[in-house]
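> please find the sequence and the predicted model below.
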Amino acid sequence: MKYILILLSFWAVTMQSQPLQSATIKGYSPALKDNTIAECIIDRTRVASDTVKSGHFSMTVPVEKLTEGMLFLKGEGCPRYLKKFYLAPDVEVNMTGTDCIYPTWKVESSLPEQITSNRIFERINNALTEYIQLGFDNAPYEKQDSVYDIIIKQTIDILPTLPIDLAVLDELEGVALYATDADEFPYMDQLKTIEKSIAIRAPKIYEDKLAYIHSLLYPSHILQIGEEAIDTDFFDMEGGIHHLAELYGRYLLLDFWSLGCGPCVKAEPEMRYVRGLMNDKMEIIGINMDKLSSWQENDWSKQLVWKNWSDGKMGKNGTNIAYCDKATVPYYVLISPNNRIVWKYEGYIPGMFLGMYESINGPKQDNSINLSLAIRHVETNPIGTTISFRYYGSNKSNFLISSNSYIIANGRKYMLKTADGVTPDRDNYPSQSVCENKDYNLNSLFYTDFKLTFDPFEEIPASFEFRSGDGDGNYVIQNISIQ
């Protein structure tokens, strides 16, 4: 999660009701094209917008207290990033630049927090400019990441020199989120030292924010596959209190989501369709991560057909820290009827919930590594072991089965003998339409059935494992039982 620059494709934005107090944002660059759209976003919600004319835009923003805001410009030459700044009632914020690269523009206001934010910006400006240009150039991710690491290090280095205010704590939180999501973070010791120093000196009004930052750097145990689910208080859109225990005894799919998450919205038709297929065997519980008022007032949120709940934490020290390995949405957790975690998955791949449905209703199996591929039947005889598979995806999503595929049982490999319905070592594409019902918007989802036959088992095992070859990117299905 990029804490300074947030890709807007990750967030869809909606309007919210306007409180009585407001601030003003004014911006200008001679490089801006007419009809460029300027938007102000607070808590992942669009609260104001304006259309650029002669390089200028102006917005009146509803705001009741000191608040972090984000600027997004949609127009020719503008990068798809957000610019952070600070707002408060009756404050005017002025943004100016000479180009369309608005994340590097100058921001001026009377707020001390903006002065702090500007000092951080001055420190990272050169690396930030390079990072944005690499994005324009479609540079390799490795190159972009190396420059972003410089931004992170420069930010960490300057934090101890700044006054402890909301701007510093927002930056500290952002770096902590990045460190938590990173596979390796080389500056963790330095970051923890800074966090401890700031926590000792920070005003009492920041206790909750500091507690959240501390939880990121010193995370509590995160539940893993096989562990028992935990429960807590959830609220529905009318304020009623609910618990997971109300639904125990069936499969529960926890959907950690946000209003601004594009993949969350894209997944909804497939989830709704699979919920119908499962009937009473599964319930979906959407756990929203947004501000309560934004979630309750959103039209799309209101039309969800499953349990639509929130713990009121906005993803900070909420239920998500017990279940989700990363601070991201969507994040899915499947709980079995005996209240054990069956699988967890970050993000959405078309076909994954249909694959989940197949695995639940087919032979016992763990296909959580590659959800789009599931086993429907296993047949063993002295000639060989034949496995019937189904793969889900778009008709443009290729999958490959290696001629070196095998199954493992009792410590021995049994190699692939024949394939029916797929061509090994070549790209295969699903060709059968899942559903023509356009109400579900599933006409872009397809499936393919195929069979693989392996050398016969020496001894019928209690369970076995399938691998479509060795190395990264191969399909793996574990703990397969024979019916």
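Looks like it came in fine. Numbers count the residues shown, from 1 in each chain.
> now the residue of the chain most remote from its centre: how far from N410?
What lies farthest from the middle of the chain is P382; by CA atoms, centre = their mean that is 46.7 Å. Distance of P382 to N410, computed by CB to CB, to the nearest Å: 17 Å. Bear in mind the C-beta positions are built from the backbone N, C-alpha and C, glycine included.
> what's the answer for A127, then?
A127 is 55 Å from N410, where distance means CB to CB.
> neighbour count: these two, which is higher?
Neighbours around A127 and N410, counted as other CB atoms under 10 Å, are more numerous at A127. The numbers are 18 against 12.
> in which helix or strand would I find the more buried one?
Following DSSP states H and E, the helix or strand that holds A127 is helix 112-136.
> following that helix, which helix or strand shows up next?
Assigned by DSSP H and E, the successor of helix 112-136 is helix 141-158.
> what angle separates that next one from helix 112-136?
With axes from the mean of the first three to the mean of the last three CA atoms, to 10 degrees defining the directions, helix 141-158 sits at 160 degrees from helix 112-136.
> any chance you could list what contacts helix 141-158?
Outside helix 141-158, the residues within contact range by CB atoms under 8 Å, 6 or more residues apart in numbering are 2, 4, 119-120, 123-124, 127-128, 130-131, 134-135, 171, 175, 178, 187, 190-191, 194.
> next one: stretch 43-53
Here stretch 43-53 has contacts from 11, 13-16, 18, 25, 32-41, 57-63, 73, 75, 258-260, 290-291, 294, 314, using CB under 8 Å, 6+ apart.
> in the protein, where is pLDDT below threshold?
1-19, 438-439, 483 (pLDDT under 70).
> contacting residues around the residue nearest the centre of it?
By CA atoms, centre = their mean, the mean C-alpha position of the chain lies nearest to V329, the distance being 2.7 Å. The neighbourhood of V329, defined by CB under 8 Å, 6+ apart, consists of 256-258, 261, 263-264, 289, 315.
> S444 now?
Counting by CB under 8 Å, 6+ apart, S444 has contacts 350, 394-395.
> of these, select the buried ones using a ChimeraX command.
Of the contacts of S444, the buried ones can be selected in ChimeraX as follows, counting by 16 or more other CB atoms under 10 Å:
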select :350
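> among the contacts of S444, name the ones in strands.
S394 (DSSP state E).
> quick one, what contacts the closest residue to G75 other than its chain neighbours?
Among residues not flanking G75 along the chain, T36 sits closest, at 2.8 Å (CB to CB, 6 or more residues apart in numbering). Neighbour list for T36: 51-52, 57, 73-76, 78 [criterion: CB under 8 Å, 6+ apart].
> compare those residues and tell me which is most surrounded.
In terms of neighbours by other CB under 10 Å, the contacts of T36 top out with L73 at 28 neighbours.
> so which strand or helix has that residue?
strand 67-74.
> hang on, the earlier thing: now a ChimeraX select for only the buried ones of the contacts of stretch 43-53.
In ChimeraX syntax, the buried subset of the contacts of stretch 43-53 is picked out as below (16+ other CB under 10 Å):
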select :11,13,14,16,25,32,36,38,39,40,41,57,59,61,62,63,73,75,258,259,260,290,291,294,314
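> if we can go back for a sec, quick one: the residue nearest to G75 from A211, how far?
40 Å.
> with L371 instead?
Distance, L371 to A211, using CB to CB: 35 Å.
> those two: who's more crowded?
The neighbour comparison of L371 against A211 (other CB under 10 Å) goes to L371, with 22 against 12.
> for I230, what are phi and psi?
Dihedral angles of I230 (phi, psi; degrees, to the nearest 10) stand at phi -110, psi 160.
> tell me the helices in the stretch 351-483 of the chain, going along the chain?
For the stretch 351-483 of the chain, the helices defined by DSSP state H, counting those that start in this stretch cover 352-361.
> do the stretch 201-350 of the chain as well
Using DSSP H, counting those that start in this stretch, helices in the stretch 201-350 of the chain cover 207-217, 262-278, 292-297, 299-302, 320-323.
> so which bits of the third one are buried?
In this case it means helix 292-297. Applying a neighbour-count criterion of 16+ other CB under 10 Å, one finds 294-297 buried in helix 292-297.
> same question, the fourth one
Taking 16+ other CB under 10 Å as the basis for neighbour counts, the residues of helix 299-302 that come out buried are S301.
> what lies in contact with it?
For helix 299-302, contacts defined as CB under 8 Å, 6+ apart pick out 14, 237, 259, 265, 288, 295, 308.
> of all these, which comes closest to N404?
V265 (39.1 Å; CB to CB).
> re earlier: in strands only, show me the contacts of V329.
Members of the contacts of V329 lying in strands (criterion: DSSP E): 256-257.
> closest to R201 out of the contacts of V329?
Scanning the contacts of V329 for proximity to R201, where the rule is CB to CB, the winner is G315, at 26.5 Å.
> now that closest one: closest residue in space, sequence neighbours ignored.
Computed as CB to CB, 6+ apart, the closest residue to G315 that is not its neighbour in sequence is M289, at 4.0 Å.
> mind checking the end-to-end distance for stretch 333-352?
13 Å (CA to CA, to the nearest Å).
> list the buried residues in that stretch.
Buried, per 16+ other CB under 10 Å, within stretch 333-352: 333-335, 339, 341-345, 348-352.
> could you dump these to JSON lines with distance to E108?
Converted to JSON lines, the buried residues of stretch 333-352 look like this (distance: CB to CB, whole Å):
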{"residue": "V333", "distance to E108": "45"}
{"residue": "L334", "distance to E108": "50"}
{"residue": "I335", "distance to E108": "51"}
{"residue": "N339", "distance to E108": "55"}
{"residue": "I341", "distance to E108": "50"}
{"residue": "V342", "distance to E108": "53"}
{"residue": "W343", "distance to E108": "50"}
{"residue": "K344", "distance to E108": "45"}
{"residue": "Y345", "distance to E108": "44"}
{"residue": "Y348", "distance to E108": "41"}
{"residue": "I349", "distance to E108": "45"}
{"residue": "P350", "distance to E108": "46"}
{"residue": "G351", "distance to E108": "50"}
{"residue": "M352", "distance to E108": "47"}
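> what's the closest of those to Y323?
V333 (4.9 Å).
> next up, the contacts around the residue lying closest to the closest one once chain neighbours are set aside.
Spatial nearest neighbour of V333, chain neighbours left out: L254 (4.2 Å); criterion: CB to CB, 6+ apart. Taking CB under 8 Å, 6+ apart as the contact definition, L254 lies against 285, 287, 323, 332-335.
> is L254 bridged to anything, and to what?
Under DSSP bridges, the beta-bridge partners of L254 are I285, V333.
> hang on, isn't L442 packed against L354?
No - the criterion here is CB atoms under 8 Å, and L442 misses it with L354 at 9.1 Å.
> which one's more surrounded, these two?
More crowded of L442 and L354, by other CB under 10 Å: L354, with 25 against 20.
> can I assume the more buried one is in contact with R275?
No - judged on CB under 8 Å, L354 makes no contact with R275 at a distance of 11.6 Å.
> could you pull up the residues touching I408?
Applying CB under 8 Å, 6+ apart, we find I408 in contact with 414, 464-465, 467.
> test my guess that the residue nearest to G315 contacts S258.
Yes - between M289 and S258 there is a contact under CB under 8 Å: 4.7 Å.
> overlap in contacts of those two?
The contact sets of M289 and S258 overlap at 315, 329 (CB under 8 Å, 6+ apart).
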